[in-house]
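Student: Quick one: sequence and predicted model below, then my questions.
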Amino acid sequence: MKYAKLKNGKIEILTCKKPKLDSKGAIIKVLGCGLCGSDLVKIKHANKNNEDKIILGHEVVGIIDEINSDITTFKIGDIIALGHHYPCFKCEFCKNESYSMCKTFKKSNIYPAGFAQYIKVDDNHLKYTVYKMNPTLKDDEKAFLEPLSCCIRAIKRAGFKYGIDNSKSSALVIGVGSIGLLMLKGLKAFKVNAFGLDISKERQELANKEGCNFIKNNKYDTIFLTAGNSKTIETALEYIIDGGKIIVFSSVEDDLSGFSNNEIYYRELSIISSYSPSPSDIKLSAKLLNENIVKVNNLSTYYSLDNLAYAVDDSFKNKIFKAYIKI
Ligand SMILES: [Zn+2]
Ligand SMILES: [Zn+2]
């Protein structure tokens, strides 16, 4: 079977044996996999020493091809989407609800990569991170399970609870790329007054179309930084209310510049980060997508596995909004 791997800084489509179901879990025939911003960061920072460990692709949608599991929810032929990491629920990090810092979470993954014809998932994946998806959704829409769950975690870490009226709160999302737009949609599902800001006219229009027009004279209670640029912290400080929360949700190239100690201190701002989703976030993400509460239609551009390198290139050049690799 085919799978994608980095070799000498380049994406190569290699062949390997189909994974064996030699322990509890399932083999998934991959239908497709979304290209995540974090894949792009990994590709950009790959070098000889780390590229062997890099697993490309995790926003997987597929069909259960073989199964040997204690989890009775699934059977062969089920169409599923998944998250790739699960926590142990026992360690100090997990007890502190800091699941993405758990050692088991960091170690757990799908095999050999999301951009592959078949993958192996284990029983804990089936228990905590795999969901049957509504067949009326297109495959690229199903693949939004994991990225939407990342946004849900950030929204929850900002203090919002699902199912209650948060409309007295205003949130500004800085950076309306695919993850920023998803954050806006997530915030709306949480009934937060959501606003989007982007330097690109085209992307600003996307936010406006979502009903999230940026209002210059407003101050916002909570600001989500979804763009990988340290300048955004200055913009956040300009628009945040005193005592407000800034959620850091992306890496930046030039670390540390823009850290405004005194402004954060005197204005009593809270800086919170959010990295990767917990099983409960994935569960809510599946509900929001499957029940059409969050709609993600017409966001993806399709590529074949053989053309993954083009998808990466087009993403780096901002030619497309979100790449979906049909396998
Ligand atoms: Zn992702
Ligand atoms: Zn743990």
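Tutor: Thanks, I have the structure now. Numbering: from 1, shown residues only. Ligands and ions are numbered 1, 2, ... in the order given.

Student: Could you use CA atoms for every contact and neighbour count after this?
Tutor: Fine.

Student: Confirm D65 sits in a strand?
Tutor: Yes: counting by DSSP: H, G, I helix; E, B strand; the rest coil, D65 falls inside a strand.

Student: ok, it - contacts?
Tutor: Neighbouring residues of D65 by Cα atoms under 8 Å, 6 or more residues apart in numbering: A26, I27, I28, K29, I76, G77.

Student: With I215 instead?
Tutor: By Cα under 8 Å, 6+ apart, the residues touching I215 are F195.

Student: N68 bridge partners, please.
Tutor: G25 (DSSP bridges).

Student: ok, it touching K24?
Tutor: Yes: between N68 and K24 there is a contact at 5.4 Å, judged by Cα atoms under 8 Å.

Student: that older thread, out of the contacts of D65, the closest to F115 would be?
Tutor: K29 (11.1 Å; Cα to Cα).

Student: mind checking the SS state of that closest one?
Tutor: strand.

Student: do V294 as well
Tutor: Counting by three-state DSSP, the backbone at V294 sits in coil.

Student: name the element the spatially closest residue to it that is not a sequence neighbour belongs to?
Tutor: Spatial nearest neighbour of V294, chain neighbours left out: L288 (5.4 Å); criterion: Cα to Cα, 6 or more residues apart in numbering. For L288, the host element (DSSP states H and E) is helix 279-290.

Student: isn't there a helix covering K18?
Tutor: No: in this structure, K18 is coil, not part of a helix, as judged by three-state DSSP.

Student: Surely it and I28 touch.
Tutor: No: using Cα under 8 Å as the test, K18 is too far from I28 to be in contact (10.3 Å).

Student: Quick check on A194: phi, psi?
Tutor: With angles defined as degrees, to the nearest 10, A194 sits at phi -110, psi 140.

Student: what about stretch 73-91 and ligand 1, touching?
Tutor: No: Stretch 73-91 lies out of reach of ligand 1 by Cα under 5 Å from the ion, never closer than 8.7 Å.

Student: right, is that stretch up against ligand 2?
Tutor: Yes: for stretch 73-91, a contact with ligand 2 is found by Cα under 5 Å from the ion, at P87, C88, F89, C91.
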